[in-house]
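Student: Everything below, folded, please.
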Amino acid sequence: MANYKQILALDPSGNFKEGKGTTGFCLLDTRTKTVTTWDIKAADYKSTEAYWTAITNCIADMQQHNKSIVVVIEDYMLYESKAQNQINSLLETPRLIGILQWYCFNNGIPYYLEFASVVKKRWTNKILAYKGYITVTPSGLTTLHGEKISRHCVDAVRHAVNYNTFINQKKK
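Tutor: Down below sits the predicted model:
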């Protein structure tokens, strides 16, 4: 199997109608260990489908420019402790994840689904900062190259670093 040179990780929020969500992205160059982050905000789009299309278009663009790429998508699980909060929810994020999974499959883009619980404790902000992926200011602000980044982007960094450390490096 391939040892991917680029990892595109997403912390997806499909929420459009139930609060305007933000999807965080991280592109990790596995050779230099440099990361680039950005996000796409539902509030910038007129419809759910336009927002979701912007996300799939971003994947397409990254794949077109990086032939040795894998997409890592934060997966969704409805935990019993949170089930009560999801009553009457449109479950927009799981819908988006399904679209992303189908999109990658249908376009021959390798992808990997990973739960947040796998990476949140392993890759704390303190560890990511120690490893040089992000900076945490004395006031607690999370930055990358001197610019503030959203928690969604930080979560995408967690997924990219985890995949590269424990999965990508094993595929020689």
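Student: For this structure, which segments count as helices?
Tutor: 48-65, 80-83, 92-106, 116-119, 125-130, 151-166 (DSSP state H).
Student: Give me the nearest residue to residue 56, chain neighbours excluded.
Tutor: Nearest residue to residue 56, sequence neighbours excluded (C-beta to C-beta, 6 or more residues apart in numbering): residue 103, at 4.9 Å. Yep, even glycine has a C-beta here, placed from its N, CA and C like the rest.
Student: Quick check, the one you found in contact with residue 58.
Tutor: No: distance between residue 103 and residue 58: 10.8 Å, which falls outside the contact criterion (C-beta atoms under 8 Å).
Student: Against residue 154, how distant is the residue nearest to residue 56?
Tutor: 24 Å (C-beta to C-beta, to the nearest Å).
Student: More neighbours: those two, which one.
Tutor: Taking other C-beta atoms under 10 Å, residue 103 and residue 154 do not tie; residue 154 has more neighbours (21 against 18).
Student: Point out where this protein drops to low pLDDT.
Tutor: 1-2, 78-80, 88, 170-172 (pLDDT under 70).
Student: quick revisit: for the helices of the chain, which one ends up most surrounded?
Tutor: Ranked by mean neighbour count, those are led by helix 151-166 with a mean of 23 (mean count of other C-beta atoms under 10 Å).
Student: which residues are in contact with it?
Tutor: Residues outside helix 151-166 that contact it (C-beta atoms under 8 Å, 6 or more residues apart in numbering): 7-11, 13, 22-28, 30, 35, 37-39, 70, 72-74, 112, 114, 116, 118-120, 122-123, 125, 128, 131, 133-134, 142, 144.
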